[in-house]
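> need a 3D model of the sequence below.
(chains A and B)
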Amino acid sequence: MKKTNIYENENKNVMKPNHNLYEFISAAAVIFLLFMASLLTFAGKDREYSENENRTLASKPVFSFTSITDGKFMDDTDAYLSDQFVFRDALVKTRTNIDVFLGKREINGVYIGKKHYLFEEPSVYNETRVRKTINTMNGISAKYGEIRSYVALAPNSTEIITDYLPANAPVQNQTEQIGKVYSLLNGYTCIDICTPLKNAENPEDLYYKTDHHWTADAVDIAYRRICESMQLDANAYQYNKLAVTNDFQGTLASSSGIFSASDTIYVPTCPSDIMYRVSYVNEGKTCTTVFDQSKLQEKSKYDVFFGGNFAQVIIETNSSSDRVLMVIKDSYANSLIPLLIPHFKTIVVVDPRYYSDNLNQIIEREEVTDILWVYNANTFLNDTSISGKLS
Amino acid sequence: MVFSSATFLIVFLPITIALYYLFGVAITKSTVVKNFILLIASLVFYAWGEPVYIILMMISICFNFFIGKDIDQSKRMNNRAKAKMLFIAAIIFNIGVLGFFKYSNFLIDNITNITGLGIRPLNLPLPVGISFYTFQILSYIIDLYNGNIRAQRRFLSFALYVSLFPQLIAGPIVKYKDIADQLVYRKEDLSSFSKGVNRFVFGLSKKLILANTLGSVYASVQEAGADNMSMLTAWVGIICYTLQIYFDFSGYSDMAIGLGGMFGFNFCENFNYPYIAMSITDFWRRWHMSLSSWFRDYVYIPLGGNRCKVPRVILNLLIVWLLTGFWHGASWNFLLWGLYYGILLILEKYLLAGLINKMPKPLRWIITIICVMVGWVLFSAPSLSEAFSYIGAMFGYAVSFADSFGAFILFTNLVLIIIGSICATPVYAFLSGIFKGEKFSKIMAVVTPVLFILCIVFMISETYNPFLYFRF
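Below is the predicted model of the structure:
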């Protein structure tokens, strides 16, 4: 047993002359790199904001007795030094490239698919969480039986662009998940969005490559399907698509750190004879468009629709319809609602994640005639803000 | 502070090296100055993570320095009773402090569970490194009492021994007798400095490139939960954890030994390719060697070791291994983990020795590594019940054979797992044998700096933290 051979003895050197020289050279190179990293980091000007990470970077820590004893000074210093580290963005990018090169296909909850497609890791079906949401939803339809109620849950890209998913990526069957939710709902017309999206000719055009939202193509399909269910005439109003940006790099690009592709955002043009006014209730702001062009200069360009998510937005139109629609929704609805404008006298848009009161108030105040829930499956299954919004 | 942080690498280390070599080595050539610089550096290093508990460490240093001197003096005056009394006091103090901070919560929880008394847990955070530096101090006190060493007369040297930053928070557990001379006199030279730097880079690479990435695979398996796990998932997870804990721990030891070398110290080795072990006995000769040797010298041998009758030896082994398990952490998992190894070692020693020797080597290796992996499940699971259901999943109890999650994490991390597995073997010595001396040194002179750059890449990218308020 006690035979020594070169395969054992972790760190004995079995080297010959000149070995020391090369050892010295490599050590010198390392020490040089160490001091250079230190020097360049401290000589460099502090960056305030990181475009890639979409956040303010840590600044010089504050030195005081309390910040030392409670350890805040140390934590802040660690954060400051790594945030301001020389070549930070390039280092992060190198890491992502190494990971992908070595075969990694999931980074920060993002699947790295083929042809530059990124996918949001799908949510699991949590029985208790979904029950709570459903109870509130069923409570509303029971209380307001005379109101026409609709639910449209959109699948996510993992369900539709299956060809471009990385091999073996663990996905959820969202058609099944959505079906399960629909089977628990009472008093609702449940609109099947999955089937028409799955049957679309070019499924890869239905979602952004770099963002978790659906594109104008998917919205068009969903819009037609919703119109059918709600007895609206989708062909009564023609609209055109207008490309507003082609360098959109969305949430999935940011989460994964993979910025290898860009997307184009299209917005629909409104029929010329339709006029409307948009009121942001909590913000006390009124305007005549649902688009916020200024967002196209920022990172989160999808916010061009409505300028993002708000608790309560009221759209009043000159439409001849006498229906009042309430949309309870997540951000998937933001790109859909512009198409619904001509069909309603008033549309009240409520985002329960920001709206903290109960929904009864709005339903009664606005004399709502139709309720439409629009969510994507991932957000809906994770939602905890709907439950309890009924008094 | 941790070695794998920007603060350590670009502030602490360059400043410490510069001050040490400028004032300690070049200008004064005085060990006192060198020790002083290292002591200050070590205290800053410790205070960085434990701004409050550093006071505890200083109290411990003072107490043990003075009581050590008294023990030594009593022994020289042949006052055995007094020496014994002081010795017992010192043991009670050190074990008491460790027990109070490390084990009181565990004790209170269990008393509450058994008796139903509503004692409130103290919920004290564990002082970093206390298990390591307490054991180092104990080696000093015990060897002193046994007359193996003389007391350290310089406070500076003793304080440095306890607080020396390279091995302060994760070992190796350096016995005082092994390092006493170096505290008084040591010579830094280019060769040991260069070796130290290279060794440090190897350790840093093990930690940042291998351990952290493999660890994230295991974390995702744990997150998925043992309830809906396939056999494949369970195995991929535990293989990743097995590699992670080796690279994490041995990487830390490498960094400690390397840093020691940069400042003229020569620390003991702590790992010797544990995963090529051919038996559990062999594994423990290769894994965390400084801890096993500590328990052998200060617990097992004083209990009588194996020079007693068989039942007593078995008892001794069980005591040592329960303590070893408990040293790793205050929970039933660690106790069971220790007991598990105690039983395996006893079985190997008394029942299976003949059988094992007859087995072909590959079979011996597979049995050993599987036993080790099962051990790591006990070690890493958050609770005993989760450990058991994980082990159940590994052996196909009430789970499917494979699922897409298992296949996904296997294939997307396969290269990493293969690289990790290769690096856990003596591939370094093997390659240096193939390339013959100088050529290999030339290659390593390029590879090591590249590894260092990769370490920086991995270290900084871990702090990538995109803000996604627009996630909705």
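> check contacts around the spatially closest residue to residue A:302 that is not a sequence neighbour.
Nearest non-adjacent residue to residue A:302, counting by Cβ to Cβ, 6 or more residues apart in numbering or on different chains: residue A:213, 5.4 Å away. Just so you know, the C-beta spots here come from the backbone N, C-alpha and C atoms, and that holds for glycine as well. For residue A:213, the contact set (Cβ atoms under 8 Å, 6 or more residues apart in numbering or on different chains) comprises A:207, A:250, A:302, A:331-332, A:335.
> can you give me the helices for chain A?
Here chain A has its helices, by DSSP state H, at A:19-43, A:65-69, A:72-83, A:88-101, A:127-143, A:157-160, A:174-184, A:194-198, A:216-230, A:251-256, A:337-340, A:360-365, A:377-382.
> follow-up on the earlier one: which of the contacts of residue A:213 sits closest to residue B:185?
residue A:250 (63.2 Å; Cβ to Cβ).
> mind listing what that closest one touches?
Residue A:250 sits in contact with A:208, A:210-213, A:263, A:300-302, where contact means Cβ under 8 Å, 6+ apart.
> how about 6 Å then?
Residue A:250 makes contact with A:208, A:210-211 under the criterion Cβ atoms under 6 Å, 6 or more residues apart in numbering or on different chains.
> could I get the buried residue list for stretch B:435-453?
The neighbour-count check on stretch B:435-453 (16 or more other Cβ atoms under 10 Å in any protein chain shown) flags B:437, B:440-442, B:444-445, B:447-449, B:451-453 as buried.
> now that we have the contacts of residue A:213, which one has the most neighbours?
In terms of neighbour count, residue A:207 stands highest of the contacts of residue A:213 at 29 neighbours, by other Cβ atoms under 10 Å in any protein chain shown.
> please name the nearest non-neighbouring residue to the residue of the stretch 201-350 of chain B found nearest chain A.
Distance from chain A to each residue of the stretch 201-350 of chain B (Cβ to the nearest Cβ) is smallest for residue B:272, at 5.0 Å. Leaving aside its sequence neighbours, residue B:272 sits nearest to residue B:286 (Cβ to Cβ, 6+ apart; 4.3 Å).
> the one you found contacts residue B:275, correct?
No. If you go by Cβ atoms under 6 Å, residue B:286 and residue B:275 don't touch, sitting 8.3 Å apart.
> what is the neighbour count of residue A:81?
Neighbour number of residue A:81 under other Cβ under 10 Å is 23.
> then the one 10 residues further on?
Neighbouring residues of residue A:91 were enumerated by other Cβ under 10 Å; the total is 21.
> again with residue A:43
8.
> ok, residue A:144 to chain B distance?
Using Cβ to the nearest Cβ, to the nearest Å, one obtains 27 Å as the distance from residue A:144 to chain B.
> average model confidence for stretch B:219-234?
Mean pLDDT, computed over stretch B:219-234, is 86.
> ok, it near chain A or not?
No. Contact of stretch B:219-234 with chain A (Cβ under 6 Å from any Cβ of the partner chain) is absent, the minimum separation being 8.0 Å.
> list the buried residues of that stretch.
Buried, per 16+ other Cβ under 10 Å, within stretch B:219-234: B:220-222, B:224, B:226, B:229-234.
> mind showing which ranges of chain A have poor pLDDT?
For chain A, the stretches with pLDDT under 70 are A:1-19.
> which residue is nearest the middle of it?
Residue closest to the mean C-alpha point of chain A, counted by Cα atoms, centre = their mean, is residue A:212 at 4.7 Å.
> packing partners for the helix or strand bottoming out on mean pLDDT in chain B?
The least trusted helix or strand in chain B, going by mean pLDDT, DSSP states H and E, turns out to be helix B:427-435, with a mean of 83. Using 3 or more Cβ pairs under 6 Å, 6 or more residues apart in numbering or on different chains; DSSP states H and E, no helix or strand is in contact with helix B:427-435.
> which residue packs closest to residue B:163, ignoring adjacent ones?
Nearest non-adjacent residue to residue B:163, counting by Cβ to Cβ, 6+ apart: residue B:42, 4.3 Å away.
> repeat that for residue B:393.
Nearest one to residue B:393, counting by Cβ to Cβ, 6+ apart, is residue B:234 at 4.0 Å.
> look at that neighbour and give its secondary structure.
helix (DSSP: H, G, I helix; E, B strand; the rest coil).
> quick one: mean pLDDT over the longest helix seen in chain B.
Assignment by DSSP H gives helix B:80-115 as the longest helix of chain B. Averaged across helix B:80-115, pLDDT comes to 90.
> swap in stretch B:436-448?
The pLDDT scores in stretch B:436-448 average 85.
> around chain B, pick out the residues from the stretch 51-200 of chain A.
So far as Cβ under 6 Å from any Cβ goes, the stretch 51-200 of chain A lies against chain B at A:53-55, A:68-69, A:71, A:74, A:77-78, A:81-82, A:85, A:88, A:91-92, A:94-95, A:102-105, A:168-170.
> quickly list the domain ranges of the chain.
I went with chain A, as the question did not name one. Domain segmentation of chain A under automatic domain parsing yields A:26-112, A:124-382.
> my question was about chain B
Taking automatic domain parsing as the domain assignment, the ranges for chain B are B:6-186, B:192-461.
> so for residue A:105, what's the nearest residue that isn't a sequence neighbour?
For residue A:105, the spatially nearest residue (Cβ to Cβ, 6+ apart) is residue A:166, at 3.8 Å.
> also residue B:152?
residue B:158 (4.3 Å).
> how about the secondary structure of that neighbour?
At residue B:158, secondary structure determined by three-state DSSP is helix.
> that one reaches residue B:67, doesn't it?
No. At 11.3 Å, residue B:158 does not count as touching residue B:67 under the criterion of Cβ under 6 Å.
> more crowded one of these two?
residue B:158 (23 against 19).
> and the pLDDT for the more buried one?
On the pLDDT scale, residue B:158 gets 96.
> next structured bit after the least confident helix or strand of chain B?
helix B:438-461 (DSSP states H and E).
> packing partners of that following helix?
helix A:19-43, helix A:88-101, helix B:190-205.
> by contact count, what packs against the last one?
When contacts are defined as 3+ Cβ pairs under 6 Å, 6+ apart, helix B:190-205 packs onto helix A:19-43, helix B:231-262, helix B:438-461.
> if you compare the domains of chain A, which one is most tucked away?
A comparison of the domains of chain A by mean neighbour count, using mean count of other Cβ atoms under 10 Å in any protein chain shown, puts domain A:124-382 on top with a mean of 18.
> and it, end to end?
Using Cα to Cα, to the nearest Å, the end-to-end distance of domain A:124-382 comes out at 8 Å.
> roughly how far out does that domain sit from the chain middle?
Relative to its chain's centre, domain A:124-382 lies at 13 Å (Cα atoms, centre = their mean, to the nearest Å).
> re the thing from before, looking at the helices and strands packed on helix B:438-461, which is closest to residue A:143?
Among these, the nearest to residue A:143 by Cβ to Cβ is helix A:88-101 (50.2 Å).
> now tell me what touches the closest one from outside.
Outside helix A:88-101, the residues within contact range by Cβ under 6 Å, 6+ apart are A:52, A:257-258, B:457, B:460-461, B:464.
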